[in-house]
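Chemist: for reference, the sequence and a predicted model appear below.
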Amino acid sequence: MRFEVVDEGPPDAETIVLLHGFPQSARSWVDVSRPLLAAGYRVIAPDQRGYTPGARPRPRRAYRLEELVADVVALVDAAGVDRVHLVGHDWGGGVAWMVAATRPDRLHTLTVVSAPHPRALVKAMLTGRQLLQAWHVGFFQLPWLPEAAIRARGGRFAVALLKRSGLGDDLARAYVDRLIDDPGGLAGALRWYRAMPLDVSIGRRTGAVTVPTTYVWSTGDVALGRRAAELTGRWVTGPFEFTVLDGVSHWVPEQVPDELAGYILNRIRSV
């Protein structure tokens, strides 16, 4: 498979890898990247599996977390470096947790935005309101209906939902247009959700994270609640910092990019 990747900065500098979520792309990191590049780092942001035309397998089993982790490891290999500072938001955060748990040998540090540790998420679903907050996960399991809803009225329904969750109008429109205008793009993005039943035990068997970690969660996140966020530290045994952004939506990279870049740099400089 061939991935579309933004690779900027000195090739021999310490490397930061940025993983986007749904329904984003590498574009979601543009404003976060600027301070990281100004600080002298190499910054790599891929369009992940399903979001890039050259890496869009059809079977849903191809989107299991072990495959998504393998993509990150392959990216690090292709970049010609042994270890990276890994950053992930939303689904990219879920992948980042798994990379840290299973391949800590490839990481210097970890910064995860919004997405709690998988075991914290499972516990919150069983004991709190998290299951209701993540209603879209069940909806996206259905055949054809999610695609129809997202495409409805030229994507206006999907844009309205994204705006209601806190994403700006221009980016909401750009993300939806990119998925519905790219043949196979929407189905590729939704396969991340449709592969979840194949990873049903992943939350219970994800190991503790030993690398230095920062977890950033925002109080305005409509999809990922406080309980899962506060439980996350239980599954990090390395140096850990939990940062709460008051009044910020789920869309942290787009809404407060400079602040997020500061937290990433603080974590990197701590080692």
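Modeler: Here it is on my side, so go on.

Chemist: what ranges do the helices span in the protein?
Modeler: Counting by DSSP state H, the chain has these helices, from start to end: 30-38, 65-79, 91-102, 118-127, 130-133, 135-139, 145-164, 169-181, 185-194, 202-205, 226-231, 252-255, 257-269.

Chemist: could those helices be laid out in a markdown table, adding mean pLDDT and mean neighbour count?
Modeler: Quick note: C-beta positions are derived from backbone N, CA and C, even for glycine. Shown next, in a markdown table, are those (pLDDT from 0 to 100; neighbours: other CB atoms under 10 Å):
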| stretch | mean pLDDT | mean neighbour count |
| --- | --- | --- |
| helix 30-38 | 98 | 18 |
| helix 65-79 | 97 | 17 |
| helix 91-102 | 97 | 26 |
| helix 118-127 | 87 | 20 |
| helix 130-133 | 81 | 16 |
| helix 135-139 | 89 | 12 |
| helix 145-164 | 95 | 16 |
| helix 169-181 | 96 | 18 |
| helix 185-194 | 96 | 21 |
| helix 202-205 | 66 | 14 |
| helix 226-231 | 95 | 20 |
| helix 252-255 | 98 | 24 |
| helix 257-269 | 98 | 18 |
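
Chemist: residue 3 is nearest to which of those helices?
Modeler: helix 65-79 (7.2 Å; CB to CB).

Chemist: and the closest one, what does it pack onto?
Modeler: Judged by 3 or more CB pairs under 8 Å, 6 or more residues apart in numbering; DSSP states H and E, helix 65-79 is in contact with strand 15-19, strand 42-46, helix 91-102.

Chemist: out of these, which is closest to residue 33?
Modeler: Of all the helices and strands packed on helix 65-79, it is strand 42-46 that lies closest to residue 33, at 4.8 Å by CB to CB.
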